[in-house]
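> How does the following fold in three dimensions:
(chains A, B, C and D)
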Number of protein chains: 2
Amino acid sequence: MAERVTITTVARHANVSVQTVSNVLNSPHLVRPETQQRVHEAIAALGYRASQAARQMRTGRSRLFAVRIEPTHNGIDGSILDRFLHGLADTAAPARYRVLLYSAADDHAEIATFDDLLSAYDLDAFVLTSTHHADPRTSWLADRQVPFVTFGRPWDRLDSHSWVDVDGAAGTAAATAHLLSQGHRRIGFLGWPSGSGVGDDRLSGWAATLAEAGLTPDGLATETSNEAGEGATAARRLLDGPEPPTAFVCCSDSLALGALQTGLPVIGFDDTPVAHAIGLSSVAQPLSEAAGHCVRLLVALLDTPAATGPEDHPPEQVLLTPSLVLRHRT
Amino acid sequence: MAERVTITTVARHANVSVQTVSNVLNSPHLVRPETQQRVHEAIAALGYRASQAARQMRTGRSRLFAVRIEPTHNGIDGSILDRFLHGLADTAAPARYRVLLYSAADDHAEIATFDDLLSAYDLDAFVLTSTHHADPRTSWLADRQVPFVTFGRPWDRLDSHSWVDVDGAAGTAAATAHLLSQGHRRIGFLGWPSGSGVGDDRLSGWAATLAEAGLTPDGLATETSNEAGEGATAARRLLDGPEPPTAFVCCSDSLALGALQTGLPVIGFDDTPVAHAIGLSSVAQPLSEAAGHCVRLLVALLDTPAATGPEDHPPEQVLLTPSLVLRHRT
DNA sequence: TTGTAGGCGTTATCAT
DNA sequence: ATGATAACGCCTACAA
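Next up, the predicted model:
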């Protein structure tokens, strides 16, 4: 049973007081360089690491972010969370934060978890995903002044808090522009039912690009649930219409998979493993970048002297541009 | 700024001493039921939650498990970790444990992270994935008597520690048996280079099932890296050989995807979203069950009075049987 | 069955 | 620039 190396051990070893050791760690400017050196040597020699628990008790901060891991709603699109989480853990570590995982069945359960995590574990901040209209989670956290960032825009009030998101419209615009450059003039869009911020955003990029080219989107867009079967049906329906498309832009790889059955060029969204596997072109979200920004925003919120007041921390927003990954089928 | 509700607040509210409150929480049998009742009411009324930090300082336990989130090596097969993590967070919560995420580039980096997590955060246990031959991580943890479970067998010494795994051989055996029942007699196997415990295990299920049916596996197995392209090439090579297969069993969905190009029946492994999306039959691992067992084993290790000595905790192993998911292509 | 008195390791306050 | 001391919230002897 190895004895724990505490700040006291280090102090003795370096012939200073515990307070000096603490200062070296937290307020180095108060300590003479020569003394710092001695303390650092002692720390290295003894392999000392500060106890988070003790530090947390004193400061009330846990150096912990929490993020929810959701059940993979749609098998195809699920794996993007994976990459986002990896990015989060990856960038949090160098900033000396760790990531706590929790699951929750719905918004209500998630809020209950917030409460537990905050009061028992003293969590420093939350990263929310899958934001939607009138999200109760953001207001709950805001009411309690708990720092948080969302990956996904708050579709109601864009400036209400810090967020990171990917510009879906830019993605579908790029996809549409690419197909236009290939000579296509009637480009169909397979989308989700209107009302979801994400789906509407992606739809708009396609529509705007067509409009810029002097084309009309009339009769070229469909709304279905996010499944390959639905996509196939919708694509066929468009083909049977008066203005049969010669190519498709889709709201997701799932829908794209269905559209592929038409044999026409298709561009999906999210660049999931499925797209990679079957050679489907797709719009790729920069997930680790997004995660990096989330961490950066939170760290800015947390590691800045609070003495300056919260007014000095206006919410910051980051909108990343996705990239078009072209594969052999297009 | 809401005042923190401590054990003292509760004690005052219930007209008892702090000690009694603590007892109600940790040793209820010492407290008269009537008193317990009063204390519980006070706890509920005040919304008290014990501070993990304080408790941890006193007890040395953090009620935290750590698990590594790996970069998705192979896009197709990556998303299984997702579901495992979700299962972990899901089952840990009711047992009042939380899951901490970390990333590490390799075994060496992961061990460094162990060290940090252990000394700074007092982690209670680790869940390791992707175990392999001569895994340095397990011995490092074992040397320091840190509780851990692996998801994946230690291929060297099966009884050296607690683990949970999925019986790959049973999976490929079921797949092979299914194809046999369809009348196939020459069933090819697309596998990985020998030496990986997982790959060898899956190969053996196929070979054994053929043998039981009085068939020989000679010339029907290939070894390639885990990519669809490789799978396609390997499948074609077998078809050009003297004993062309009429169906394939594969070590992964990636390889299966390649084999599909032959137009013959194919069964993959892992039941990834890709399989779901394209209607590929596949062997599905019970991931949330596996995660549940991991938590169960760890809790057994941690929440049992240590007074009885570690000898009372022989390592326990769980081998789960995967299930064959048949889809329209087979 | 209940109350009192430390102490876990750290940081903040105050004095030197 | 450095050092002594108290306090964070909880648990656990020990005493009543």
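> Which residue ranges of the stretch 201-330 of chain A form helices?
A:228-240, A:253-259, A:273-278, A:287-302 (DSSP state H, counting those that start in this stretch).
> To DNA strand C, which of the ones you listed lies closest?
For DNA strand C, the closest of the helices of the stretch 201-330 of chain A is helix A:287-302, at 13.9 Å, according to CB to the nearest atom of the strand. Just so you know, the C-beta spots here come from the backbone N, C-alpha and C atoms, and that holds for glycine as well.
> can you list contacts of the closest one?
By CB atoms under 8 Å, 6 or more residues apart in numbering or on different chains, the residues outside helix A:287-302 that reach it are A:61, A:65, A:80, A:83-88, A:90-92, A:95, A:97, A:124-125, A:127, A:147-149, A:151, A:162, A:164-166, A:313, A:316, A:318, A:320.
> and chain A, which residues reach DNA strand D?
A:15-20, A:23, A:30-32, A:34-35, A:54, A:57-58 (CB under 7 Å from any atom of the strand).
> Show me the two of those residues that sit farthest apart.
A:Glu34 and A:Met57 (31.5 Å; CB to CB).
> which strands and helices sit next to the longest helix seen in chain A?
Ranked by residue count under DSSP state H, the longest helix found in chain A is helix A:75-92. Contacts defined by 3 or more CB pairs under 8 Å, 6 or more residues apart in numbering or on different chains; DSSP states H and E place helix A:75-92 against strand A:64-68, strand A:98-102, strand A:125-129, helix A:253-259, helix A:287-302, helix B:75-92, strand B:98-102, helix B:273-278.
> related to what we said a few turns ago, reformat the helices of the stretch 201-330 of chain A into TSV and put mean pLDDT and mean neighbour count next to each item.
Shown next, in TSV, are the helices of the stretch 201-330 of chain A (pLDDT from 0 to 100; neighbours: other CB atoms under 10 Å in any protein chain shown):
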stretch	mean pLDDT	mean neighbour count
helix A:228-240	93	19
helix A:253-259	92	29
helix A:273-278	85	25
helix A:287-302	95	21
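> Quick one: closest of these to B:His133.
Taking CB to CB, helix A:273-278 is the member of those nearest to B:His133, at 27.1 Å.
> Output the contacting helices and strands for that closest one.
The contact analysis (3+ CB pairs under 8 Å, 6+ apart) places helix A:273-278 against helix A:253-259, helix B:75-92, helix B:253-259, helix B:273-278.
> Could you rerun that using 10 Å?
Secondary-structure packing of helix A:273-278 (3 or more CB pairs under 10 Å, 6 or more residues apart in numbering or on different chains; DSSP states H and E): helix A:75-92, helix A:253-259, strand A:266-269, strand A:281-284, helix B:75-92, helix B:228-240, helix B:253-259, helix B:273-278.
> Relative to DNA strand D, how far out is A:Ala234?
Distance, A:Ala234 to DNA strand D, by CB to the nearest atom of the strand, to the nearest Å: 56 Å.
> what's the neighbour count on the nearest residue to that residue once chain neighbours are set aside?
In this structure, A:Ala234 finds its nearest non-sequential neighbour in A:Thr222, 4.0 Å apart by CB to CB, 6 or more residues apart in numbering or on different chains. Residues near A:Thr222, counting by other CB atoms under 10 Å in any protein chain shown, number 23.
> Wait, A:Thr222 touches A:Gly231, no?
Yes - judged on CB atoms under 10 Å, A:Thr222 makes contact with A:Gly231 at a distance of 8.7 Å.
> Need the overlap of contacts for the two.
Residues touching both A:Thr222 and A:Gly231 by CB atoms under 10 Å, 6 or more residues apart in numbering or on different chains: A:190-191, A:248, A:250-251, A:255, A:259.
> Show the backbone phi and psi for the residue nearest to A:Arg4 when sequence neighbours are not counted.
Spatial nearest neighbour of A:Arg4, chain neighbours left out: A:Ser51 (7.9 Å); criterion: CB to CB, 6+ apart. Note on A:Ser51: backbone dihedrals following degrees, to the nearest 10 are phi -80, psi 120.
> Compute the first-to-last residue distance for stretch A:267-283.
Across stretch A:267-283, the terminal residues are separated by 7 Å (CA to CA, to the nearest Å).
> Show me what residue of the stretch 201-330 of chain A gets nearest to chain B.
Chain B sits closest to A:Pro273 of the stretch 201-330 of chain A, with a gap of 3.8 Å, by CB to the nearest CB.
> Hmm, that residue is touching B:Thr272, no?
Yes - at 7.1 Å, A:Pro273 counts as touching B:Thr272 under the criterion of CB under 10 Å.
> Can you show me the helices along the stretch 51-200 of chain A?
Along the stretch 51-200 of chain A, the stretches classed as helices by DSSP H, counting those that start in this stretch are A:52-59, A:75-92, A:107-121, A:136-143, A:168-181, A:197-212.
> chain center to the fifth one: distance?
Between the mean C-alpha point of helix A:168-181 and the mean C-alpha point of its chain there is a distance of 22 Å (CA atoms, centre = their mean, to the nearest Å).
> Could you do the third one as well?
A distance of 20 Å separates the C-alpha centroid of helix A:107-121 from that of its chain, computed with CA atoms, centre = their mean.
> Mind listing what's buried along that helix?
For helix A:107-121, the buried set under the neighbour-count rule, 16 or more other CB atoms under 10 Å in any protein chain shown, comprises A:110-111, A:113-114, A:116-121.
> Just put those residues in TSV and tack on distance to B:Ala44.
Shown next, in TSV, are these (distance: CB to CB, whole Å):
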residue	distance to B:Ala44
A:Glu110	21
A:Ile111	18
A:Thr113	18
A:Phe114	18
A:Asp116	14
A:Leu117	19
A:Leu118	18
A:Ser119	13
A:Ala120	15
A:Tyr121	20
